[in-house]
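Enquirer: sequence and computational prediction follow.
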Amino acid sequence: RKEVEQDPGPFNVPEGATVAFNCTYSNSASQSFFWYRQDCRKEPKLLMSVYSSGNEDGRFTAQLNRASQYISLLIRDSKLSDSATYLCVVINAGNNRKLIWGLGTSLAVNP
Amino acid sequence: DAGVTQSPTHLIKTRGQHVTLRCSPISGHKSVSWYQQVLGQGPQFIFQYYEKEERGRGNFPDRFSARQFPNYSSELNVNALLLGDSALYLCASSSIGGTTDTQYFGPGTRLTVL
């Protein structure tokens, strides 16, 4: 089982739709969680951190479910500009401080 | 403030050659990490350096090496290039290098090995 798994998609949704992505992780000791956005042929950019209590930033909401070991990203009122690949990142505890990346979920918002 | 910068932006090499990629972190950031991203996949961790010392190493062969300089800039070296080394090489900087740090990426160096 991969350490971090995402549905690669693509998710094709119309403008204005609500779309949600999940990301599962295998290590129950994982400490920190993030969502990054990556546009085609560009570098990843931090979208939001994921806190235990959940957090919201405008149209974006991130949730953490430790019991089921997944994080989620909800996008409301999708815009054309939301089309991108969304990568989840998990950081484990311990001396190995590397970030573990999912393969990303591709989102296409259509007019 | 300038973000993370990387050079060169694009590079074409042939098999067996050597390549050096360069990265300058955000001013004040002391940690630099290197990633390899193959098309259609997420970034794969190669190295992390903090205060000029290697903090972590991913599952890459010894052909890959890196170092960090006193000004916190970093170089990634790849020897004996293989076709499979063709990828986008990303550098990310963070302020502390701990597990909860946010990483900020440079635009990457796109390496093509022919």
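Expert: Happy to help now that I have it. Residues are numbered from 1 along each chain as shown, chains lettered A, B, ... in the order given.

Enquirer: can you give me the strands for the chain?
Expert: In the absence of a named chain, this looks at chain A. Using DSSP state E, the strands found in chain A span residues A:4-6, A:11-14, A:19-25, A:30-38, A:45-50, A:55-57, A:60-65, A:70-75, A:84-92, A:99-101, A:105-110.

Enquirer: wait, I meant chain B there
Expert: Under the criterion DSSP E, chain B carries strands at the ranges B:5-7, B:10-13, B:19-24, B:31-37, B:44-50, B:53-57, B:64-68, B:74-78, B:87-94, B:104-105, B:109-113.

Enquirer: least reliable of the strands of chain A by average pLDDT, please.
Expert: If you rank the strands of chain A by mean pLDDT, strand A:99-101 sits at the bottom with a mean of 84.

Enquirer: which elements pack onto it?
Expert: On a contact count with 3 or more Cβ pairs under 8 Å, 6 or more residues apart in numbering or on different chains; DSSP states H and E, strand A:99-101 meets strand A:84-92, strand B:44-50. Yep, even glycine has a C-beta here, placed from its N, CA and C like the rest.

Enquirer: residues making contact with that strand?
Expert: Strand A:99-101 has contacts (Cβ atoms under 8 Å, 6 or more residues apart in numbering or on different chains) with A:3-4, A:25, A:87-92, B:33, B:35, B:42-45, B:103.

Enquirer: so which bits of chain A are right by chain B?
Expert: Residues of chain A lying close to chain B (Cβ under 8 Å from any Cβ of the partner chain) are A:31-32, A:34, A:41-46, A:49, A:87, A:91-93, A:96-104.

Enquirer: out of the residues you listed, which end up buried?
Expert: Buried members of the residues of chain A next to chain B, scored by 16 or more other Cβ atoms under 10 Å in any protein chain shown, are A:32, A:34, A:43-44, A:49, A:87, A:91-92, A:97-104.

Enquirer: and the furthest pair within those residues?
Expert: Across those, no pair lies farther apart than A:43 and A:92, at 23.0 Å, counting by Cβ to Cβ.

Enquirer: now distance to residue B:59 too, for the strands of chain A, in JSON lines please.
Expert: What follows is the strands of chain A, written out as JSON lines (distance: least, Cβ to Cβ, whole Å):
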{"stretch": "strand A:4-6", "distance to residue B:59": "15"}
{"stretch": "strand A:11-14", "distance to residue B:59": "30"}
{"stretch": "strand A:19-25", "distance to residue B:59": "18"}
{"stretch": "strand A:30-38", "distance to residue B:59": "19"}
{"stretch": "strand A:45-50", "distance to residue B:59": "25"}
{"stretch": "strand A:55-57", "distance to residue B:59": "32"}
{"stretch": "strand A:60-65", "distance to residue B:59": "27"}
{"stretch": "strand A:70-75", "distance to residue B:59": "24"}
{"stretch": "strand A:84-92", "distance to residue B:59": "15"}
{"stretch": "strand A:99-101", "distance to residue B:59": "12"}
{"stretch": "strand A:105-110", "distance to residue B:59": "24"}
